[in-house]
Each structure stands twice: as C-alpha cells, then as structure tokens.
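Student: sequence first, then the predicted structure:
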Amino acid sequence: MRVSAKILLIGTLTAIPISAIYGEPLTKAQTCKNMHKLAKNIMDSRQQGMAMPDIIETVDGNPLFEYFIESAYDMPRYSTDEMQQRSIEDFANSIYAECWKNYKADN
C-alpha cells in the first residue's frame, strides 16, 4: 500500500471525531457524508491490500469504525480497477444509506 493512501486513511479516521467534538453539531447530511467518506477510504485501503490489523490500530477502539472495517473485510478483494472502484462505491453508498436510515440527532 502506498504511504499516501495510509496517511489519507489515518487522517480521515481521526478527522471525523475531531469535527464532531470541536465544531458545530453536524447535520444528518454532514454526518452521513462523513461516514460515506470514511467508508470509501476504508474500502479503498482494503482493495489496495492494506492489512486489517494496520487499519484497526488506527481507530483506537472506536466501535463504529471497527464495524466499518469488519464490514469492509467481509467483502471480497478484487483484482481489476473497475471491480475495485465498484466495490468501493457500493460499500460507501451502503454505509451512507445505513447512516441515513438510522440517524438520530442528539437533541
């Protein structure tokens, strides 16, 4: 796996909770879009051959992120760019849909 891809993944995994903690409360659309981006980066890392333990150690025990990683590694890894891109988009869209359906604001 390219170093830049690993840095992007780690950056994405750490940036989402920081924005939720220090920024304004996120809307449903913003939250689910962030989850989509996270899922896309996780599945891209999976499709590029990053080892699951390397990804797991970046999430510091966050159960939601661990769920995304486990779900990504339950999916097959493809050898062609076309199938890799399709699996990345399908996975990210399924996480977005799950977020959208189950979103509950902390009001």
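Tutor: Nice, I can see it.
Student: and residue 32, how far is that from residue 50?
Tutor: Counting by C-beta to C-beta, to the nearest Å, the gap from residue 32 to residue 50 is 24 Å. In short, each C-beta sits where N, CA and C put it, glycine included.
Student: next one: the longest helix along the chain to chain centre, how far?
Tutor: Looking across the chain with DSSP state H, the single longest helix is helix 81-102. Centroid displacement of helix 81-102 relative to its chain, using C-alpha atoms, centre = their mean, to the nearest Å, is 10 Å.
Student: same question, stretch 47-61
Tutor: 11 Å.
Student: got the buried residues for that stretch?
Tutor: Going by neighbour count (16 or more other C-beta atoms under 10 Å), the buried part of stretch 47-61 is 47, 50, 55, 58, 59.
Student: export the residues you listed as JSON lines, with columns for secondary structure.
Tutor: Below are those laid out as JSON lines (DSSP: H, G, I helix; E, B strand; the rest coil):
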{"residue": "47", "secondary structure": "helix"}
{"residue": "50", "secondary structure": "coil"}
{"residue": "55", "secondary structure": "helix"}
{"residue": "58", "secondary structure": "coil"}
{"residue": "59", "secondary structure": "coil"}
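Student: for those residues, give me CSV that also has distance to residue 89 and pLDDT.
Tutor: Shown next, in CSV, are these (distance: C-beta to C-beta, whole Å; pLDDT from 0 to 100):
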residue, distance to residue 89, pLDDT
47, 11, 97
50, 18, 95
55, 19, 91
58, 22, 87
59, 22, 86
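Student: which member of those residues is positioned nearest residue 96?
Tutor: residue 47 (17.9 Å; C-beta to C-beta).
Student: residue contacts, that closest one?
Tutor: Going by C-beta atoms under 8 Å, 6 or more residues apart in numbering, residue 47 touches 77, 78, 84, 87, 88.
Student: from those residues, keep the buried residues only.
Tutor: 84, 87, 88.
Student: quick check, nearest of the residues you listed to residue 36?
Tutor: residue 88 (10.8 Å).
Student: which helix or which strand is home to the residue nearest to the closest one when sequence neighbours are not counted?
Tutor: Once flanking residues are discounted, residue 88 sits nearest to residue 43: 4.6 Å by C-beta to C-beta, 6 or more residues apart in numbering. Take DSSP states H and E as the rule and residue 43 turns out to sit in helix 28-47.
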